[in-house]
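Asker: What follows is a predicted structure for the sequence shown.
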Amino acid sequence: MKKAICLCSGGMDSTVAAAIGKQNCQELYLFHINYGQKAEAKEKDAVRKIKDALDAKIAFVDIEFFRNLSALTSAKAPIPLANEVQLDSTITPPTWVYCRNLVFVSLAAAYAESINAEKIFVGFNAEEGQSYPDNRPEFVNRFNSLLEKAVASFSRPPQIDAPLINMFKADIVRKGIDVAAPMHLSWSCYLNGEDHCGECESCQHRRRGFKEAGVKDLTTYTSV
Ligand SMILES: [Zn+2]
């Protein structure tokens, strides 16, 4: 495959997906979206480092729409920390961003069509899929079907490739080691601190993933 893109937040999952993408194409573009998230400066910095580590290219997109629509993007809404995080919650958490993956893969597909990339690698996985339908195989399959009708008549429809879709965090860490993904450069925290906070939902998942995988976690966390 000549060209592929990877929807890359700079987090661990998309970093592993990017490393897999890089093994499968000649030119990889990391596609990163700034949607007003609190951690954007750290995420963007991580994506730049991952780009260098994988010898990839980069595309940044800014969208204003999501500002203030989630605890991830609103200065007024705090990020749940430590035991405020409801991992088994039956209600929508304040960190949910409305239809985010649908919007993001649509933008990624537009970019893929514009550069004639064949695939869009994503870090969707079974861990997130437990809570969120837009991380499940059915979402990917339906969107790929839709893409066949979404591009110009003479364009080749790009397809989403979700290599982690059946994996939980520990599996993703092991896979990351297998494919030499630069996980140590990734940024998972919802906050914008000097180091990972260790207490937000995303940090808790990251910590547990390394621990369960039995892999040394090189991340520095503010909380012990
Ligand atoms: Zn955190």
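Answerer: Alright, I've got the coordinates.
Asker: Now the element after the helix or strand where residue 160 lies, going C-ward?
Answerer: Residue 160 belongs to strand 159-161 when elements are defined using DSSP states H and E. From strand 159-161 onward toward the C-terminus, using DSSP H and E, the following helix or strand is helix 169-178.
Asker: contacting residues for residue 32?
Answerer: Shown in contact with residue 32 (CB atoms under 8 Å, 6 or more residues apart in numbering): 8-10, 43-44, 47, 58-61. Any C-beta I mention is one placed from the backbone N, CA and C, and that applies to glycine too.
Asker: Check whether it sits in a helix, strand or coil.
Answerer: At residue 32, secondary structure determined by DSSP: H, G, I helix; E, B strand; the rest coil is strand.
Asker: Which secondary structure state does the closest residue to it other than its chain neighbours sit in?
Answerer: If the residues on either side of it in the chain are set aside, residue 32 comes closest to residue 47, at 4.6 Å by CB to CB, 6 or more residues apart in numbering. With three-state DSSP as the basis, residue 47 sits in helix.
Asker: Tell me how far residue 47 lies from residue 41.
Answerer: Between residue 47 and residue 41 the distance is 11 Å, computed by CB to CB, to the nearest Å.
Asker: Which parts of this protein are helices?
Answerer: Secondary structure of the chain (DSSP state H): helices located at 12-23, 40-54, 100-115, 126-129, 137-147, 169-178, 201-213.
Asker: now those helices as CSV including mean neighbour count?
Answerer: Rendered in CSV, the data for the helices of the chain read as follows (neighbours: other CB atoms under 10 Å):
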stretch, mean neighbour count
helix 12-23, 26
helix 40-54, 19
helix 100-115, 18
helix 126-129, 20
helix 137-147, 15
helix 169-178, 20
helix 201-213, 20
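Asker: Compare the contacts of residue 32 and tell me which is most surrounded.
Answerer: Each of these was scored by neighbours using other CB atoms under 10 Å; the highest score is residue 8's, at 32 neighbours.
Asker: Hmm, residue 21 and that one touching each other?
Answerer: No. In terms of CB atoms under 8 Å, residue 8 does not count as a neighbour of residue 21; the distance is 9.3 Å.
Asker: what number of residues lie near the nearest residue to residue 200 once chain neighbours are set aside?
Answerer: The spatial neighbour of residue 200 that comes closest, neighbours along the chain excluded (CB to CB, 6+ apart), is residue 190 at 4.3 Å. Residue 190 has 22 neighbouring residues, counting by other CB under 10 Å.
Asker: On the pLDDT front, check residue 190 for me.
Answerer: Per-residue confidence for residue 190 comes out at a pLDDT of 96.
Asker: residue contacts, it?
Answerer: Residues near residue 190 by CB under 8 Å, 6+ apart: 37-39, 72, 79, 95, 197, 200-203.
Asker: Likewise for residue 173?
Answerer: Applying CB under 8 Å, 6+ apart, the residues near residue 173 are 12, 183, 209-210, 212-213, 215.
Asker: How about the residues of this structure by the ion?
Answerer: Residues of the chain lying close to the ion by CB under 5 Å from the ion are 189, 197, 200, 203.
Asker: where in the protein is pLDDT low?
Answerer: Confidence mapping of the chain against pLDDT under 70 gives the ranges 87-89.
Asker: Which neighbours in the sheet does the strand holding residue 160 have, and how are they oriented?
Answerer: Partner strands for strand 159-161, per DSSP bridges, with pairing direction: strand 119-121 (parallel).
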